[in-house]
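any chance you could fold what I've pasted below:
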Amino acid sequence: MIWLRLLADILLYLALGLVAYWFFTKDITALWIAIGSGIISALLFVYTSNIKRSRRNRHSEYTNIWDWLFFIDIIELPFRLLWWLFSGLWRVFD
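As a prediction, this is how the structure comes out:
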C-alpha cells in the first residue's frame, strides 16, 4: 500500500508539472498525459484511502478524528526531495 501511495504522489506531481509545461509550450500531448496521470493518481488516492479505512475499522481504533493527517502524505514527498537536494548541495561547496 505504501508503494501505491508513493505512485499516486509521483503521478500527481507529474500531472502538475505537465500542466505547467503545457501552459508555457501549448503542447497538447503534455495536457493529455497530465489529465491521464491526474485521473490515475486520484483513483489510487481513493483506493489507498479505502484500504486504510477498512484496516482501521477492523482494528476498531479510535483514530477517525485524525483522518486529515493522512493527507499530509501529499505534501511530504516534495519537502523530502528538497531536503535531499539542499543537503547534497552543501557537499559541493565543501
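
how about the helices of the protein, start to end?
Read by DSSP state H, the chain holds these helices, from start to end of the chain: 2-25, 28-59, 72-93.

now render the ones you listed as a markdown table, adding mean pLDDT and mean neighbour count.
Just so you know, the C-beta spots here come from the backbone N, C-alpha and C atoms, and that holds for glycine as well. A markdown table is the format used below for the helices of the chain (pLDDT from 0 to 100; neighbours: other CB atoms under 10 Å):
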| stretch | mean pLDDT | mean neighbour count |
| --- | --- | --- |
| helix 2-25 | 88 | 15 |
| helix 28-59 | 80 | 14 |
| helix 72-93 | 71 | 10 |
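
distance of Val19 from Leu11?
Spatial separation of Val19 from Leu11 under the definition CB to CB, to the nearest Å is 13 Å.

I misspoke; the intended subject was Phe23.
From Phe23 across to Leu11, the span is 19 Å (CB to CB).

equivalent analysis for Arg80, please.
When Arg80 is compared with Leu11 (using CB to CB), they lie 17 Å apart.

same question, Leu82
Distance, Leu82 to Leu11, using CB to CB: 19 Å.

quick one: contacts for the residue nearest to Tyr47 when sequence neighbours are not counted?
Closest residue to Tyr47 apart from its sequence neighbours, by CB to CB, 6 or more residues apart in numbering: Leu4 at 6.8 Å. By CB atoms under 8 Å, 6 or more residues apart in numbering, Leu4 lies in contact with Leu44, Tyr47, Thr48.

pretty sure Ser37 contacts Gly17?
No: in this structure, Ser37 sits apart from Gly17 without contact. The criterion is CB atoms under 8 Å, and the distance is 9.6 Å.

what residues are shared contacts of those two?
In terms of CB under 8 Å, 6+ apart, Ser37 and Gly17 are not both contacted by any residue.

how about the nearest residue to Ser41 once chain neighbours are set aside, what does it touch?
Leaving aside its sequence neighbours, Ser41 sits nearest to Leu11 (CB to CB, 6+ apart; 3.8 Å). For Leu11, the contact set (CB under 8 Å, 6+ apart) comprises Ser37, Gly38, Ile40, Ser41, Leu44.
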